[in-house]
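J.: Build me a structure from this.
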Amino acid sequence: MLIVSVAGIAYCAVALFALLRFAARALQRTTEEAGITILKPIAGLEVELFENLCSFCEQDYPQYQVLFGVQRRDDPAIEVIQRVLARYPDRDLALVVGTGGEGNPKVANLANMLPQAKYELLFIADADMRVDRAYLGAVSAEFSDARVGAATCLYAGIPSGGLASALGAMHFNDQFAPSVLVATLGGAPRYCFGSTMAVRRSALEAIGGLSALQPHLADDYMLGALVSAKGYRVALSRYVVANVVAEPSMRALLEHEVRWARTIRSVQTVGYVFSFVMFPLPFALLGVVFATTSALAWSTLIVAMALRAAMHYVARSALRAGTSPHAWLLPLRDCLGLAVWAGGLFGTTVAWKGERRSI
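T.: Next up, the predicted model:
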């Protein structure tokens with residue numbers, strides 16, 4: 001236990017450095033202001049969906065288009081989208097209702113919208129994401145480098161009530177974001193996230209278009225991987241998107257996190273297997289219970305808790321997650337994270353929108 005705890009402490013120290021490094025980056029602003037099409041794939045009602053969608057329509061940017069896509073004519077999200085269209089009659093917005101498409105339903109939704117996209121820069125963002133007016137200007141600045149084919153953003157979990165939502169938000173802020181920043185210490189990422197998949201249309205065409213993503217559940221990861229394979233860079237923007245987290249129950253939270261865990265394992269197997277070092281507190285706690293040298297065990301636990309708390313508060317600042325839960329939940333969050341890691345080691349199916357899908 002002591003060796004694993006020390007490895008976890010070392011990881012926390014590196015993650016803290018990576019978070020501080022990210023926090024020190026200045027938020028960029030584009031000077032070119034090329035036209036942008038935002039593609040919003042939607043399936044059903046998300047919590048605060050109206051507010052999320054409106055945020056993409058209120059950009060401090062001169063030329064952009066927003067397309068909202070659903071795949072069922074009876075989708076309850078259509079009524080919400082129509083309210084958004086009515087609220088901004090002078091904006092370039094449209095609803096696209098399509099059906100069919102095999103494989104990944106999100107990609108099929110995007111494929112229905114793409115023919116109506118007007119611009120070279122395509123921004124794809126999930127329906128549970130929210131941004132401020134600086135979003136387009138900040139992320140599009142990455143494309144001032146001609147070598148950049150795609151750009152993506154970290155996202156901050158903002159809980160919307162309840163313990164399950166609080167723990168879900170902490171997953172993004174305390175575990176996911178630091179792990180991404182640790183990975184990027186070795187260079188630019190080779191993947192994107194559903195918070196923002198921004199891509200040049202020419203780069204998308206170079207990888208074979210959206211059909212290249214259709215067979216993959218991890219479409220965001222594959223977009224970045226395929227764009228990188230064509231010689232383009234994937235940029236991680238300093239801009240952080242807000243993700244409203246509303247988990248109705250602990251069971252729903254576990255289903256979501258096991259789905260993400262198994263998806264990550266399917267594309268980064270070796271890295272996933274060793275990712276248990278991200279959870280030092282459970283091992284340090286077990287060390288206290290089973291230690292033969294109690295002073296050393298307690299010292300290890302105190303150091304691990306101090307570093308995890310430091311990570312937590314630095315991440316809150318760097319990610320602008322001011323409403324994130326406080327550090328008293330860290331032991332529970334780490335224990336839950338370790339359990340999810342174990343559940344993600346096995347299995348090839350995941351729960352998605354009430355269905356079981358293979359990864």
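J.: Select the longest helix from the chain.
T.: helix 294-318 (DSSP state H).
J.: what mean pLDDT would you report for that one?
T.: Per-residue pLDDT over helix 294-318 has a mean of 91.
J.: List the buried residues for the following helix or strand past it?
T.: Following helix 294-318 in sequence order, the next helix or strand is helix 330-344 (DSSP states H and E). By 16 or more other C-beta atoms under 10 Å, the buried positions in helix 330-344 come out as 330-331, 333-334, 336-338, 340-341, 344. (Each C-beta comes from the backbone N, C-alpha and C, glycine too.)
J.: on that earlier part again, could you give the angle of the longest helix of the chain to helix 330-344?
T.: 90 degrees (axes from the mean of the first three to the mean of the last three C-alpha atoms, to 10 degrees).
J.: Helix 294-318 - contacts with which helices or strands?
T.: Using 3 or more C-beta pairs under 8 Å, 6 or more residues apart in numbering; DSSP states H and E as the contact test, the elements touching helix 294-318 are helix 2-23, helix 177-183, helix 280-290, helix 330-344.
J.: In TSV, list the ones you listed along with mean pLDDT and distance to residue 191.
T.: Output for the helices and strands packed on helix 294-318, formatted as TSV (pLDDT from 0 to 100; distance: least, C-beta to C-beta, whole Å):
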stretch	mean pLDDT	distance to residue 191
helix 2-23	92	16
helix 177-183	95	9
helix 280-290	88	25
helix 330-344	94	17
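J.: Tabulate those helices in CSV, adding columns for distance to residue 166.
T.: CSV is the format used below for these (distance: least, C-beta to C-beta, whole Å):
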stretch, distance to residue 166
helix 2-23, 20
helix 177-183, 16
helix 280-290, 17
helix 330-344, 9
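J.: hang on, the earlier thing: among the buried residues of helix 330-344, which one sits closest to residue 210?
T.: If you rank the buried residues of helix 330-344 by distance to residue 210 using C-beta to C-beta, residue 344 comes first, at 27.2 Å.
J.: Disregarding flanking residues, what is the spatial nearest neighbour of the closest one?
T.: residue 261 (2.7 Å; C-beta to C-beta, 6 or more residues apart in numbering).
J.: ranges for the strands of this structure?
T.: Ranges of strands in the chain, per DSSP state E, are 36-41, 64-70, 93-97, 121-124, 129-130, 148-159, 197-200, 233-245, 349-352, 355-358.
J.: now these in CSV, with mean pLDDT and distance to residue 309?
T.: CSV is the format used below for the strands of the chain (pLDDT from 0 to 100; distance: least, C-beta to C-beta, whole Å):
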stretch, mean pLDDT, distance to residue 309
strand 36-41, 97, 37
strand 64-70, 97, 40
strand 93-97, 96, 44
strand 121-124, 98, 35
strand 129-130, 95, 27
strand 148-159, 95, 17
strand 197-200, 97, 33
strand 233-245, 95, 21
strand 349-352, 66, 32
strand 355-358, 64, 37
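J.: right, and those - which one's nearest residue 290?
T.: That would be strand 148-159 among the strands of the chain, by C-beta to C-beta, at 33.1 Å.
J.: Give me the domain ranges for this protein.
T.: 2-21+261-352, 28-254 (automatic domain parsing).
J.: Out of these, which is the most enclosed?
T.: The highest mean neighbour count among these, using mean count of other C-beta atoms under 10 Å, belongs to domain 28-254: a mean of 19.
J.: Look at that one and report the distance between its end residues.
T.: End-to-end distance of domain 28-254 (C-alpha to C-alpha, to the nearest Å): 36 Å.
J.: rewinding a little: redo the strands of the chain as a markdown table? Include distance to residue 186.
T.: Shown next, in a markdown table, are the strands of the chain (distance: least, C-beta to C-beta, whole Å):
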| stretch | distance to residue 186 |
| --- | --- |
| strand 36-41 | 30 |
| strand 64-70 | 34 |
| strand 93-97 | 39 |
| strand 121-124 | 26 |
| strand 129-130 | 27 |
| strand 148-159 | 17 |
| strand 197-200 | 22 |
| strand 233-245 | 13 |
| strand 349-352 | 28 |
| strand 355-358 | 31 |
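J.: Please name whichever of those strands is nearest to residue 165.
T.: strand 148-159 (4.1 Å).
J.: quick one, helices of the stretch 51-200 of the chain?
T.: All helices of the stretch 51-200 of the chain, identified by DSSP state H, counting those that start in this stretch, fall at 77-87, 105-113, 135-140, 163-170, 177-183.
J.: could those helices be laid out in TSV, adding distance to residue 64?
T.: Shown next, in TSV, are the helices of the stretch 51-200 of the chain (distance: least, C-beta to C-beta, whole Å):
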stretch	distance to residue 64
helix 77-87	15
helix 105-113	14
helix 135-140	6
helix 163-170	29
helix 177-183	27
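J.: Which among these is found nearest to residue 16?
T.: Short answer: helix 177-183, nearest of the helices of the stretch 51-200 of the chain by C-beta to C-beta, at 8.0 Å.
J.: That closest one packs against which elements?
T.: helix 2-23, strand 148-159, helix 294-318.
J.: Go again with 7 Å.
T.: helix 2-23, helix 294-318 (3 or more C-beta pairs under 7 Å, 6 or more residues apart in numbering; DSSP states H and E).
J.: now the longest one against strand 148-159, angle please.
T.: Counting by the same axes, to 10 degrees, helix 294-318 points 110 degrees away from the direction of strand 148-159.
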